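# Sharing a model prediction with you, sequence too.
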Amino acid sequence: MHERTVARRLERMTATGLVRFTAALVPEYLGEGIVAELAVTCLPGRVHETATALARRPDVWSVEVATGDLQVFAELQARDHEQLFTAVDEGIGRVEGVRDVHSSVVLRLLLTANDWSPLDPEPTFVRRTVSEGRPLPDPPSLDALDRTLVTLLEQDARIPFSRLARELRVGETTARRRLARLMTSHALHLRLLAEPSSATRWRPASGSPCTRARWTRPSASSRGSRPYATSR
């Protein structure tokens, strides 16, 4: 397929809202709050309803539906253990359709989906560092300008540097340097999100086609935004 055809189709999908480019900080690397992995057992016939209810929560980053006794998996961010307890016991535990909730707090994050690059000839810096047993670089300290930059990228990660600099009220060189610092530190991830209705079938290396339903949101700061979905 010609490059212009690909670009035209991509522009059409972004213009209609089927796909969206965004960015998000990785709180586990920054040491901001705690992240918990939740495994939820649902009542019969209530799996989709329960998953959708979890996807509406602003503190839930992603929701996945799977086979087995634990049908719904969710990733939740909380300020501290007390907030996590409240979210699980008084919130998710009382959602209609939830039979049981298993929670595990993430102690250390080594790799994310951004470090999975099967088509690249070389592994990412983070994957190579982790596989060699070396520690990751210390996370950067973020100031108000960095967080404003991230907020702008959450809305549109394809924003031109000229506009980014104008919104930040800094020079374009400063905007580029700030973004490069966040990207190389692994504290900021860029993402392509697709609406659930545009989910496509994916064929892994094994050759067997499969579709996985997953609701995800860019970050916990995007309160009030509707859930998005990625197909993998």
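Everything's here; your move. Numbering: from 1, shown residues only.
# separation between Thr52 and Val72?
10 Å (C-beta to C-beta, to the nearest Å). Placement of C-beta: from N, CA and C, glycine included.
# meant to ask about Leu168
39 Å.
# Name the residue in those two with the higher neighbour count.
Val72 (26 against 17; other C-beta atoms under 10 Å).
# dump the residue contacts of that one.
Ala39, Val40, Cys42, Val47, Thr50, Ala51, Leu54, Val63, Glu64, Val65, Ala66 (C-beta atoms under 8 Å, 6 or more residues apart in numbering).
# Any stretches of this structure with poor pLDDT?
Applying pLDDT under 70 to the chain picks out residues 195-232.
# same thing but 50
Scanning the chain for pLDDT under 50 picks out 197-213, 215-232.
# all strands for it, in order.
Applying DSSP state E to the chain gives strands spanning 19-25, 34-42, 60-65, 72-78, 98-105, 188-194, 214-216, 228-229.
# Which of those strands sits closest to Val126?
strand 188-194 (10.6 Å; C-beta to C-beta).
# Restricting to C-alpha, output that closest one in CSV.
Provided in CSV are the C-alpha atoms of strand 188-194 (Å, rounded to 0.1, in the frame of the first residue of the first chain):
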residue,chain,number,x,y,z
LEU,A,188,5.9,9.3,29.3
HIS,A,189,4.3,6.8,26.8
LEU,A,190,2.6,7.7,23.5
ARG,A,191,-0.4,5.6,22.6
LEU,A,192,-2.8,5.1,19.7
LEU,A,193,-6.3,4.4,21.1
ALA,A,194,-9.2,3.0,19.1
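# Report the buried residues of that strand.
Leu188, His189, Arg191, Leu193, Ala194 (16 or more other C-beta atoms under 10 Å).
# cool, and stretch 11-27?
Buried, per 16+ other C-beta under 10 Å, within stretch 11-27: Met13, Val19, Arg20, Phe21, Thr22, Ala23, Ala24, Leu25, Val26, Pro27.
# So what's the gap between it and the chain middle?
12 Å (C-alpha atoms, centre = their mean, to the nearest Å).
# Now the terminal residues of that stretch, how far apart.
Stretch 11-27 has its terminal residues 31 Å apart, counting by C-alpha to C-alpha, to the nearest Å.
# In JSON lines: the contacts of Val72, plus distance to Ile92 and neighbour count.
Shown next, in JSON lines, are the contacts of Val72 (distance: C-beta to C-beta, whole Å; neighbours: other C-beta atoms under 10 Å):
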{"residue": "Ala39", "distance to Ile92": "11", "neighbour count": "17"}
{"residue": "Val40", "distance to Ile92": "7", "neighbour count": "26"}
{"residue": "Cys42", "distance to Ile92": "12", "neighbour count": "22"}
{"residue": "Val47", "distance to Ile92": "14", "neighbour count": "17"}
{"residue": "Thr50", "distance to Ile92": "9", "neighbour count": "24"}
{"residue": "Ala51", "distance to Ile92": "12", "neighbour count": "23"}
{"residue": "Leu54", "distance to Ile92": "7", "neighbour count": "26"}
{"residue": "Val63", "distance to Ile92": "11", "neighbour count": "27"}
{"residue": "Glu64", "distance to Ile92": "15", "neighbour count": "17"}
{"residue": "Val65", "distance to Ile92": "15", "neighbour count": "18"}
{"residue": "Ala66", "distance to Ile92": "17", "neighbour count": "14"}
